[in-house]
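Engineer: let me see the structure of the following:
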Amino acid sequence: MLQTMTNFPPDNTRTDQKHQAGVDVDNGDDNDIINDAEWPQDQPGQHNESVGQYDTHNDHDHQPSGHYDDNDPFSNMIYRIQDGDPSMSKASFFDMGIGDVGAEEIAAALRYGPNTNVTLMDLGRNGISDVGFSAFFSALGANGSIRHLWMRDNYMGPQGAAALADALTQNRRLSELSLGRNQISSAGAADLASALPMNNTVTALWLYSNEIGDDGAAALANALSDNTSLIELYLGGNAITEEGASALAYALSNKNTTLTSLELNRNQVGNGGARALALCLRSNTTLTE
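Structural biologist: Numbering: from 1, shown residues only. Model (predicted):
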């Protein structure tokens, strides 16, 4: 039975797709393809009413040694993280142009500061490469506070993804990872997939527009066979064809019983891939979107 989805993932929502019960699929029809510029702006990390205002430098009840500077929000947040400001639960560095140097400064703040209060951090659209992310992820492994980490629109690449995979084998707090448009490739997806069976806290993973292809989809399918925590997986715009879609369908029909949402818009799964996904719904009872 076909039904329309109404609750879309916040990273890469579009409202004019065809949807199939349990799986959000694009069968490759050129009329369904859209440009990145057409993606809506209420993505994770940007302010919207469902997320709420970010804690940046508005709460001055906690003054860390006179370091606040309202004209320098980046340094302000760094100081507050280092000083363990109890009023700071969200840190948005979105579109500040901090680059690798900024990512390294944030890593140092997490590593040496006593902060255990920031639960959401947004590093989106900052020109951060694998160098900056590797430094950041080295500090993330033992971090016990950050649950939501938004990093889309950077240059993580496969090496940065490998560093994240290593952190995921140690971190026991992260639950949401937004990695859209980071040039992760099939190699990076494979590294992330290898870490998922060893991680039992990540419940939502956005990997849209990362060129992971069928090899990356197959690696993630294998991970789904052993992972018992992932609930939402978003793979739109990744050049996945019938081969990759069939691998995912096999894992979901035979092994995985926890995933509830799978998004495959802007791929070329074709009629064969769409058929395989439809058939998996006969035995899979957990996919709802």
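
Engineer: pLDDT at the residue nearest the centre of the chain, what is it?
Structural biologist: In the chain, the centroid-proximal residue (CA atoms, centre = their mean) is residue 178; its distance is 2.0 Å. Looking at residue 178, its pLDDT is 98.

Engineer: show me the strands in the stretch 101-250 of the chain, by range?
Structural biologist: 120-122, 148-150, 176-178, 204-206, 232-234 (DSSP state E, counting those that start in this stretch).

Engineer: which helices and strands sit right next to the second one?
Structural biologist: Where contact means 3 or more CB pairs under 8 Å, 6 or more residues apart in numbering; DSSP states H and E, strand 148-150 is packed against strand 120-122, strand 176-178. No exception for glycine: its C-beta is placed from N, CA and C like everyone else's.

Engineer: quick one: buried residues of stretch 279-286?
Structural biologist: Buried residues in stretch 279-286, counting neighbours by 16 or more other CB atoms under 10 Å, are found at 280-281, 284.

Engineer: out of the helices and strands packed on strand 148-150, which one sits most buried?
Structural biologist: strand 120-122 (a mean of 24; mean count of other CB atoms under 10 Å).

Engineer: partner strands of that one and their direction?
Structural biologist: Paired with strand 120-122 in the same sheet, following DSSP bridges, are strand 90-92 (parallel), strand 148-150 (parallel).

Engineer: point out the most buried one among the ones you listed.
Structural biologist: strand 148-150 (a mean of 24).

Engineer: what's the local residue count around the nearest residue to residue 111 once chain neighbours are set aside?
Structural biologist: Of all residues not flanking residue 111 in the chain, residue 139 sits nearest, at 4.2 Å (CB to CB, 6 or more residues apart in numbering). By other CB atoms under 10 Å, 19 other residues sit near residue 139.

Engineer: okay, and which of the buried residues of stretch 279-286 map to helices?
Structural biologist: The members of the buried residues of stretch 279-286 that map onto helices under DSSP state H are 280-281.

Engineer: as a markdown table, the buried residues of stretch 279-286 with distance to residue 173 would be great.
Structural biologist: Compiled in a markdown table, the buried residues of stretch 279-286 are given as follows (distance: CB to CB, whole Å):
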| residue | distance to residue 173 |
| --- | --- |
| 280 | 32 |
| 281 | 33 |
| 284 | 29 |
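
Engineer: and residue 129, what does it touch?
Structural biologist: 100, 154-157, 160 (CB atoms under 8 Å, 6 or more residues apart in numbering).

Engineer: whichever of the residues you listed end up buried, select them in PyMOL.
Structural biologist: Listed next is the PyMOL selection for buried residues among the contacts of residue 129, using 16+ other CB under 10 Å:
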select buried, resi 100+154+155+156+157+160
